[in-house]
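Enquirer: Sequence isn't available, so here's the structure alone:
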Ligand SMILES: NC(=O)c1ccc[n+]([C@@H]2O[C@H](COP(=O)([O-])OP(=O)(O)OC[C@H]3O[C@@H](n4cnc5c(N)ncnc54)[C@H](OP(=O)(O)O)[C@@H]3O)[C@@H](O)[C@H]2O)c1
């Protein structure tokens, strides 16, 4: 592995030299174990500790299938899906691996008693399987996390519609929180040259998701002047949605839960910010009943900020806790666009407000190939910046996931994989200098 790392750090290693480096038999990877799926039985969700379930293992390198690439991972990032995997909620991800394993001779490789997690990476291509022509050993890349088979016509227009659509490193094995990873070669995209490895690794999943959810015609199709209510505006998804709303000439109303988070979204350029903790919204009176008066109080606050306007778009992901309020505050004809249910997936809302006001609830999930590419292009052009706040080592991945689970983080939490330190991998210092303030905005907060 040291030889691989030395070749990457040299910065000028020829492709044929990368191709001729002998591969080790095994590699370090962050995993969960099938034996452990019941370890948190009886423990409340919030008390389930990813540090107990995430292991750092030495695992064998699987055989490369046609169309795949083996990547040396310099850095990765924590996504909420790794939190879900590590606490075995809402279901154990081994079920996904078993189902995938039944599909084909090659997919069988994924059905193992351990799951290598992680849905982001920045690194260098080491090997490619048969049929891969565009990507070569030595290419510096990031990977998006859409894994599709595309054998059915269902996905030929919008690759998210493929019946075999999966999220790499969550519903497939051999993910990015490791020294090596296996991806389908069409997940690869050029690494933005002005970013370090950990910066380049961090936007992938959330940036692409926010792009489809908010900007794409497959999502909310945001336009100039739209009022966009963004829950968790300084979090993983929200920190990108806020940047996209501002770039696109929309008017974000950012919801956060502390003065520090309020400051950071203001520094991005957002003028309208609601601190939900300071306002003390209690949308649920008890386990079964919501409080429409609290929806009204929240709606009034939004109008105060916007000069009387209601949101054209509500960027939803907290789910059960906020969904009733989200439906209530959206403007007549507005869209509630949802991609998740962090606080619970059995939503409840008052349908009268939806139908009488012709509002739409629309779903969104990750991004298709094209959307992921377009989202990465925004990063590459310096139009959207990574939001890395803190970086951990691969050994500390459990703690990194705990930070995200406990909502103690801002923006994205990075993880160094092969990269021995932060700040490496920048190939275009001039371009970086142009964007340095944006790149570092979330650092250390
Ligand atoms: N479908 C997809 O493709 C997709 C892609 C990415 C993520 N997701 C899902 O989307 C969710 C968010 O992901 P993320 O990366 O943005 O996570 P994140 O970094 O933890 O950010 C989420 C933010 O939401 C806010 N929040 C959490 N619980 C809340 C509640 N009960 N009420 C109001 N606000 C709440 C928090 O911000 P404040 O405390 O500051 O308000 C938190 O920082 C996760 O469930 C994740 O699995 C889905």
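Expert: Sure thing, it's come through. Every value quoted in this text rests on a predicted model; they were computed, and no experiment measured them.
Enquirer: for the stretch 151-300 of the chain, what spans make up the strands?
Expert: Applying DSSP state E, counting those that start in this stretch to the stretch 151-300 of the chain gives strands spanning 166-167, 180-184, 188-190, 227-230, 251-256, 272-275.
Enquirer: Can you say which of these is nearest to residue 353?
Expert: strand 227-230 (14.7 Å; CB to CB). Using the backbone N, CA and C atoms, a C-beta is placed for each residue, glycine as well.
Enquirer: mind checking which of the strands of the stretch 151-300 of the chain is nearest the ligand?
Expert: Checking the strands of the stretch 151-300 of the chain against the ligand by CB to the nearest ligand atom gives strand 251-256 as the closest, at 3.9 Å.
Enquirer: Reformat the strands of the stretch 151-300 of the chain as a markdown table; add mean neighbour count and mean pLDDT.
Expert: Compiled in a markdown table, those are given as follows (neighbours: other CB atoms under 10 Å; pLDDT from 0 to 100):
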| stretch | mean neighbour count | mean pLDDT |
| --- | --- | --- |
| strand 166-167 | 21 | 98 |
| strand 180-184 | 26 | 98 |
| strand 188-190 | 20 | 98 |
| strand 227-230 | 29 | 98 |
| strand 251-256 | 28 | 98 |
| strand 272-275 | 21 | 98 |
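Enquirer: Output the ones you listed in a markdown table; the columns should cover distance to residue 146.
Expert: Below are these laid out as a markdown table (distance: least, CB to CB, whole Å):
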| stretch | distance to residue 146 |
| --- | --- |
| strand 166-167 | 7 |
| strand 180-184 | 9 |
| strand 188-190 | 11 |
| strand 227-230 | 23 |
| strand 251-256 | 26 |
| strand 272-275 | 32 |
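Enquirer: which parts of the stretch 151-300 of the chain sit against the ligand?
Expert: With CB under 6 Å from any ligand atom as the criterion, the stretch 151-300 of the chain comes near the ligand at residues 205-206, 209, 231-232, 234-238, 255-257, 261, 276.
Enquirer: Give me the longest strand you can find in this protein.
Expert: Secondary structure assigned by DSSP state E gives strand 68-77 as the longest strand of the chain.
Enquirer: avg pLDDT for that strand?
Expert: Strand 68-77 carries an average pLDDT of 98.
Enquirer: Adjacent strands (with direction) for that strand?
Expert: strand 121-128 (antiparallel), strand 180-184 (antiparallel), strand 412-416 (antiparallel) (DSSP bridges).
Enquirer: Can you show me the helices along the stretch 151-300 of the chain?
Expert: Taking DSSP state H, counting those that start in this stretch as the criterion, the stretch 151-300 of the chain contains helices spanning 197-201, 204-210, 236-247, 259-268, 276-279, 292-306.
Enquirer: What sits closest to residue 35 if chain neighbours are left out?
Expert: residue 113 (7.1 Å; CB to CB, 6 or more residues apart in numbering).
Enquirer: I should have written residue 57 there, sorry.
Expert: residue 31 is the one closest to residue 57 (CB to CB, 6+ apart), at 4.9 Å.
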